[in-house]
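Visitor: sharing a model that was predicted from the sequence below.
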Amino acid sequence: MDKKRLFSDYIFNLIRMILNIGLPVIVLPYVMNRIGPENYGIFSYTNSVVSYFCMIAVLGIPEYAARVVARERLSESLDHTVTEIFLFQFLSVSVALVSFFLFFFPFAAPEYKKAYMVLSIMIFSGYLNVEWFYVGTQKFKFMAVRGMSIKILNVAAMFLFITRGDDYFHYTLITSLTTLGNSVVNMGGFIPRIQLGKWRSLNLKRHFKPVMVLFSLSVAGLINASIDKTLTGLLVGPLYVGFYALGFRLSRIVLQLFTALNNIIYPRVTSYLARKDEAQSAKLITFNMDYIFMLSLPIVLGIVLYGQDIIRMLFDPEMAPAGTSLMILSFIVPFQAIKRLVRQQILLPRDKDKIILYITIGGIVVNVILNLFLVPRYFHMGAAVATLIMEAADVIFSLWYIKRVFNVRILKLTQLKYFLATPLILIPYYLYSIKREISLWELLVIVMVSSILYFTGLLILRDDLFYKITRKLIKKILS
């Protein structure tokens, strides 16, 4: 395992992921305090509906294509394969656009039509969505630089064009154009790979079956990810969608710390398994699992302790109810990270797409039942609890499956060290902030002190992962 390359790719991919979601979250207080929770709820609701058509546009192509490209990236047939996949994707996006404007848009509620029209840009951008090529070929530096450039433009547009009292239109337009801009830039390095001159030898049919299996998985996954906002909007209105969506959005920025590493390990695990190298694959998975526990546990406890303070500092008082959603949804961070690890590093490389589909469908059933029961009674908090229970059930079943079928255990006794060290961050909370409101600067100081206490605890417990990282950093500094 090339640890230096792995670390470099992680840094670049982490930058890309933080920019993809981090910068909008930094700008989110500015936007929310100008358009209000109800307008943000309208955006979240219509976006959740349009996302179904975006899913039709790309089918299961991103997951399938990244896996195929990772396996063939050193092969002479790579250009031929990516051309076939690109043309297959062109057809699917065309079907999605026709379906949207022919069967959905004419019958949509009039008050939402403006938002739907603008968001249709995101469906169109599927024509140019070749992110899978760069993931499969591990071009994380390019993706990071591209993401930084597009997001800087995104932030500038937010501050220039969104004013107090504005509705959702400008925010929706900027979000849609950002998606399109990413896709346009991606095409620059992809166009030379297209071999349309050899169209007679192209075989699109061979991709149909695996793509459709992953498409079914994408459908199930997207329904599972969007059903909470859709049902909340239908059952109690867009205001509570806004409260829920804000808590959900803030919790997602934390998840990017784990998505960044997961995305670079996935093509490597796929490549190792293609060469029957189970040992290197197992090392990467163990490393990722330790990393998830090391960072997620103190972060979750920190959000529970200071979630209400974060909402109070960043947003107008009318957004205060979102604090409860944020605190509840913070618990999904480790579950989501573990779920992605199991799927992308254990099941997908072994072509167990159907198993993931069955697990996801089970999650949809649980999610719908819980939302129908909890949302009318507890509003946005009910939606948050339903999401948390569904994610926990998904992970528990997944862990049971990989242990039973592959005899793979990713939970180890050594990970108890992270549970033992996490309570140390309670010390500054009880000493300083439990009985008073704190300022942003005070919170930053508390986070720094809590981090020092936590990582000191890991050093005392001689945690292998953190101990090795610290030792390497000290050697580099001294040298």
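Guide: Nice, I can see it. What you see is a predicted model, and the numbers here were worked out from it, not measured in a lab. Numbering: from 1, shown residues only.
Visitor: now the helix or strand harbouring L246: average pLDDT?
Guide: Assigned by DSSP states H and E, L246 belongs to helix 238-274. In this model, helix 238-274 carries a mean pLDDT of 75.
Visitor: now stretch 406-420
Guide: Mean pLDDT, stretch 406-420: 89.
Visitor: burial count for F406?
Guide: When counting by other Cβ atoms under 10 Å, one arrives at 13 neighbours for F406. Bear in mind the C-beta positions are built from the backbone N, C-alpha and C, glycine included.
Visitor: that one contacts I346, doesn't it?
Guide: Yes - at 6.9 Å, F406 and I346 qualify as touching, with contact defined as Cβ atoms under 8 Å.
Visitor: so where do the strands sit in the stretch 151-300 of the chain?
Guide: With strands called from DSSP state E, counting those that start in this stretch, the stretch 151-300 of the chain shows none.
Visitor: Q415 - nearest residue in space that isn't next to it in sequence?
Guide: Nearest residue to Q415 in three dimensions, chain neighbours excluded: F293, at 4.8 Å (Cβ to Cβ, 6 or more residues apart in numbering).
Visitor: and if you look at N367?
Guide: The shortest distance from N367 to any non-neighbouring residue, by Cβ to Cβ, 6+ apart, is to M390 (4.4 Å).
Visitor: so how far is E442 from that neighbour?
Guide: 36 Å (Cβ to Cβ, to the nearest Å).
Visitor: more neighbours, the two?
Guide: More crowded of M390 and E442, by other Cβ under 10 Å: M390, with 25 against 15.
Visitor: so what pLDDT did the more buried one get?
Guide: At M390, the model reports a pLDDT of 92.
Visitor: ok, then the element right after the helix or strand hosting G302?
Guide: Here G302 sits within helix 278-314, counting by DSSP H and E. Under the assignment DSSP H and E, the closest C-terminal helix or strand after helix 278-314 is helix 322-329.
Visitor: in terms of secondary structure, what does that following helix contact?
Guide: With contacts taken as 3 or more Cβ pairs under 8 Å, 6 or more residues apart in numbering; DSSP states H and E, helix 322-329 sits against helix 238-274, helix 278-314, helix 353-406.
Visitor: my guess is G136 contacts V69. True?
Guide: Yes - using Cβ under 8 Å, G136 makes contact with V69 at a distance of 2.6 Å.
Visitor: next, count neighbours for the residue nearest to Q415.
Guide: Residues within reach of F293, counting by other Cβ under 10 Å, total 23.
Visitor: residues in contact with P428?
Guide: Contact partners of P428, counting by Cβ atoms under 8 Å, 6 or more residues apart in numbering, are I446, V449, S450, L453.
Visitor: which pLDDT value goes with it?
Guide: pLDDT, P428: 92.
Visitor: one step back: pretty sure the residue nearest to Q415 sits against Y418.
Guide: Yes - counting by Cβ under 8 Å, Y418 is a contact partner of F293 at 4.4 Å.
Visitor: around the closest residue to F100 other than its chain neighbours, count how many other residues there are.
Guide: In space, and not counting its chain neighbours, F100 is closest to F53: 4.7 Å by Cβ to Cβ, 6+ apart. Using other Cβ under 10 Å, F53 is surrounded by 23 other residues.
Visitor: any low-confidence regions in the stretch 251-400 of the chain?
Guide: Applying pLDDT under 70 to the stretch 251-400 of the chain flags residues 260-274, 276.
Visitor: again, but for the stretch 1-150 of the chain
Guide: For the stretch 1-150 of the chain, the ranges with pLDDT under 70 are 1-25.
Visitor: try it again at 90.
Guide: 1-45, 48-49, 51-52, 54-89, 91-92, 107-112, 129-150 (pLDDT under 90).
Visitor: how about the helices of it, start to end?
Guide: When secondary structure is read from DSSP state H, counting those that start in this stretch, the stretch 1-150 of the chain shows helices at 3-17, 23-58, 61-72, 78-99, 113-124, 131-136, 140-161.
Visitor: so what secondary structure elements neighbour the second one?
Guide: Put plainly, it is helix 23-58. helix 78-99, helix 113-124, helix 140-161, helix 169-190, helix 208-236, helix 238-274.
Visitor: run the angle between the fourth one and helix 78-99 for me.
Guide: Interaxial angle, helix 169-190 versus helix 78-99 (axes from the mean of the first three to the mean of the last three Cα atoms, to 10 degrees): 150 degrees.
Visitor: buried set for helix 169-190?
Guide: For helix 169-190, the neighbour count (16 or more other Cβ atoms under 10 Å) marks 169-183, 185-186 as buried.
Visitor: over to the fifth one?
Guide: Neighbour counts over helix 208-236 (16+ other Cβ under 10 Å) mark 210-211, 213-233, 235-236 as buried.
Visitor: residues contacting the residue nearest to Y112 when sequence neighbours are not counted?
Guide: What sits nearest to Y112 in space, not counting adjacent residues and going by Cβ to Cβ, 6+ apart, is T46, at 5.3 Å. Going by Cβ under 8 Å, 6+ apart, T46 touches Y112, A115, Y116, L119, T172.
Visitor: go with 7 Å
Guide: By Cβ atoms under 7 Å, 6 or more residues apart in numbering, the contact list for T46 reads Y112, A115, Y116, L119.
Visitor: quick check: it vs F107, distance?
Guide: If you go by Cβ to Cβ, the gap between T46 and F107 works out to 14 Å.
Visitor: burial measure for I121, as a count.
Guide: If you count neighbours by other Cβ under 10 Å, I121 ends up with 17.
Visitor: and what of E278?
Guide: With other Cβ under 10 Å as criterion, E278 counts 12.
Visitor: got it, and Q336?
Guide: Q336 is flanked by 23 other residues according to other Cβ under 10 Å.
Visitor: excluding its backbone neighbours, what's nearest it?
Guide: According to Cβ to Cβ, 6+ apart, the nearest residue to Q336 is L255 (5.5 Å).
Visitor: and what of R343?
Guide: Using Cβ to Cβ, 6+ apart, the closest residue to R343 is I356 (5.4 Å).
Visitor: one more: Y134?
Guide: Using Cβ to Cβ, 6+ apart and skipping the chain neighbours, the partner closest in space to Y134 is M143 (5.3 Å).
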